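Participant: Got a predicted structure plus its sequence, pasted below:
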Amino acid sequence: MSAVVAEGLKKHYGDTRALDGLDMEVAQGTVYGLLGPNGAGKTTAVKVMTTLVKPTDGRAWIDGIDVAENPRVVRTRIGLTGQYAAVEERLTGRENLELIGRYFHHAGTERSARAIELLAMFDLTEAGDRVANTYSGGMRRRLDIAMSLVARPSVLFLDEPTTGLDPRSRLAMWDFIERLGDEGTTVLLTTQYLEEADYLAEQIMVIDRGRKIAEGTSDQLKDQIGGDKVRVTIVKPENIQRAKEAIAPLCVGTVEQDPQSALTLTAPINAGGGVVPGIIRALDDAGVDVVDVEVRRPTLDDVFLVLTGHAAEAAGGDGEDG
Amino acid sequence: MAIARSTAAIGDDVIGLRNVITDSMTEAGRHLRILPRNVELLIFATIQPVMFVLLFSYIFGGSIQIPGYDDYDQYLMPGIFAQSVVFGSAFTSIGIAEDLSKGLIDRLRSLPIAQSSVLIGRTISDLLRNIITFVIMLVVAFLIGFRFEGSLWAALLATLLLLFFSYGLSWVQALIGLSVSSVEAANSAGFIWMFPMTFVSSAFIDTSTLPGWLQEVADANPFTHLTNAARALYNGNPVGNSVWLSLAWSVGLVAVFATLSIRKFNETSS
Ligand SMILES: Nc1ncnc2c1ncn2[C@@H]1O[C@H](COP(=O)(O)OP(=O)(O)OP(=O)(O)O)[C@@H](O)[C@H]1O
Ligand SMILES: [Mg+2]
């Protein structure tokens, strides 16, 4: 049985179609990434699947339980970490966790044991007895996720878990999420960053304006959008043909000259290391002087450009959370 | 507890009364636990009524004569008490708007709790805070000479009427808190209508001194019934039908606004 199933989900706010017929299936025990720009409908999708918002049309199931018909049973199986960290600022980390245990009617000893366990798991043991409004953004986010895990949910929803975190906290957060996936919790996470979905999710769906525009593993998606690209800039324009020939065997598609510059070549390459030194060596062997070799990973913008024909910015121009 | 039972049934699933009570207590416990940690709020909630008691008593005390009352304080204090507990209900909308803006309402709604308990817990804890404020205010009033002229039972009944009415208004505030889009808006929307409600009433003046139509408004104002009932009971005067009217209004407020608020809660998300 799939952990999450959605069929033709629609949610309209007046003229805005936040969800416009979304189908989704998340296998049990996997990490699934819902990728889209501002206003794509990520939060709305999460809210419908976590019983917070009633869909205009369509149905969704968590572990086979209908979200609209049995919201209370669904709530026993899910954990939700919303887009903005929802912790009680004036309670300590430990108290926040124990509070959730209380809502689940856990016994006192179980509540405190689980709180201790989760504080340790999320690197909050030392901060556990400080009130949450003294926490940094990253700590708050970690506490927020820990709170969603108190009752060991079968499906965990994470709405943009790393937005607003600095690079170091983001990496730490990736680590935590990866570990959850390893422990067998089904995780549905939303993100605006392709690299995040790439790193964490086994299956990715790209959505825009409430609709699916692509789905697959990150490799499949990258194939669709061309994957990594290398950009080589040389010193002398007369060497451009020689450079092209030198690097062609190292690239996975046609080497093209940049329309804006007689000195620049771009070409798709395989993801992963090792290509750049090879390219530099090949150019050196061919006697071509190089200014710069740069690898560009595909970004969400590239995905959008390729899949929708319009830029991500324009797609989410009207998007802000209500 | 009939309220809890009926509101539980409005929720998306029918949940046992026991869960409603347990979860409401958990939710009230959350607010009461942070109450001493929110010192500014506590001070504001206390200072304001005390200040009103002192200001009104010393500023108007000498200049206003009310027929039948030798001492304006005896007339005035029940009005101040009533106004203060009513103002106290505004914290409900602010608190709910805060929870909403911080995403806590979403978190609570995603838990398998009795949904009505979030609002019941909130209004109950606000009632308890209001009681604390009331006691402090009463002590100050006693210090400046206010006395229960009727029986102690009558004074207790008056106090319960005041608190019950403010509990009813807490449910009005719950609906406001769920309906506005920000804490600032909750602050204004929760307070603004209280000024006409408490001033166009018998709280500070004899309504017969008001011009025609205003007098009619004041006499129909539920706040006038509340003040009249409390004033009569604290002073050992005949209550007329003010006690029943005030009680009926409070019951009506709770019944109507608890129903509306809990229904609204089930479709509110930040
Ligand atoms: N309560 C609401 N009322 C009206 N419109 C809404 C409401 N909630 C969402 N929308 C609209 O629905 C669309 C989808 O919003 P949603 O919040 O789901 O996007 P998102 O993908 O989560 O975006 P972000 O990355 O900014 O969080 C947006 O155009 C948004 O303005
Ligand atoms: Mg969102």
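Facilitator: On my side now, so go ahead. Ligands and ions are numbered 1, 2, ... in the order given.
Participant: what's near enough to touch the residue of chain A found nearest ligand 2?
Facilitator: Closest residue of chain A to ligand 2, C-beta to the ion: residue A:43 (3.0 Å). Heads up, the C-betas are built off the backbone N, CA and C, glycines and all. Contact partners of residue A:43, counting by C-beta atoms under 8 Å, 6 or more residues apart in numbering or on different chains, are A:82, A:83, A:159, A:190, A:321.
Participant: all strands of chain A, in order?
Facilitator: A:4-13, A:16-26, A:31-35, A:57-62, A:65-66, A:78-81, A:155-159, A:186-191, A:203-208, A:211-216, A:229-234, A:256-257, A:264-268, A:290-296 (DSSP state E).
Participant: How far does the longest helix belonging to chain A sit from its chain's centre?
Facilitator: Looking across chain A with DSSP state H, the single longest helix is helix A:167-182. Distance, stretch centre to chain centre, for helix A:167-182: 11 Å (C-alpha atoms, centre = their mean, to the nearest Å).
Participant: Same check on stretch A:183-196?
Facilitator: 5 Å.
Participant: Against residue B:106, how distant is the one residue in chain B that gets nearest to ligand 1?
Facilitator: Proximity of chain B to ligand 1 (C-beta to the nearest ligand atom) peaks at residue B:269, 7.2 Å away. Distance from residue B:269 to residue B:106, counting by C-beta to C-beta, to the nearest Å: 6 Å.
Participant: between those two, which one's more packed in?
Facilitator: Counted by other C-beta atoms under 10 Å in any protein chain shown, residue B:269 and residue B:106 do not tie: residue B:106 has more neighbours, with 26 against 17.
Participant: so what's the residue nearest to the more buried one when sequence neighbours are not counted scoring on pLDDT?
Facilitator: Nearest non-adjacent residue to residue B:106, counting by C-beta to C-beta, 6 or more residues apart in numbering or on different chains: residue A:82, 5.0 Å away. On the pLDDT scale, residue A:82 is placed at 90.
Participant: try the one 5 residues further on
Facilitator: Per-residue confidence for residue A:87 comes out at a pLDDT of 95.
Participant: Count the residues that sit near the nearest residue to it once chain neighbours are set aside.
Facilitator: Residue nearest to residue A:87 in three dimensions, not counting chain neighbours: residue A:132, with 4.7 Å by C-beta to C-beta, 6+ apart. As a burial measure, residue A:132 scores 21 neighbours (other C-beta under 10 Å).
Participant: tell me the contacts of residue A:132?
Facilitator: When contacts are counted by C-beta under 8 Å, 6+ apart, residue A:132 touches A:87, A:88, A:89, A:90, A:91, A:92, A:93, A:96, A:140, A:143.
Participant: can you check residue A:265 too?
Facilitator: Applying C-beta under 8 Å, 6+ apart, we find residue A:265 in contact with A:231, A:232, A:233, A:234, A:240, A:243, A:244, A:247, A:255, A:256, A:257, A:258.
Participant: Find me the pLDDT at the second one, would you?
Facilitator: Model confidence at residue A:232, expressed as pLDDT, equals 91.
Participant: ditto for residue A:52
Facilitator: 95.
Participant: dump the residue contacts of it.
Facilitator: Residue A:52 touches A:80, B:106, B:109, B:110, B:269, counting by C-beta under 8 Å, 6+ apart.
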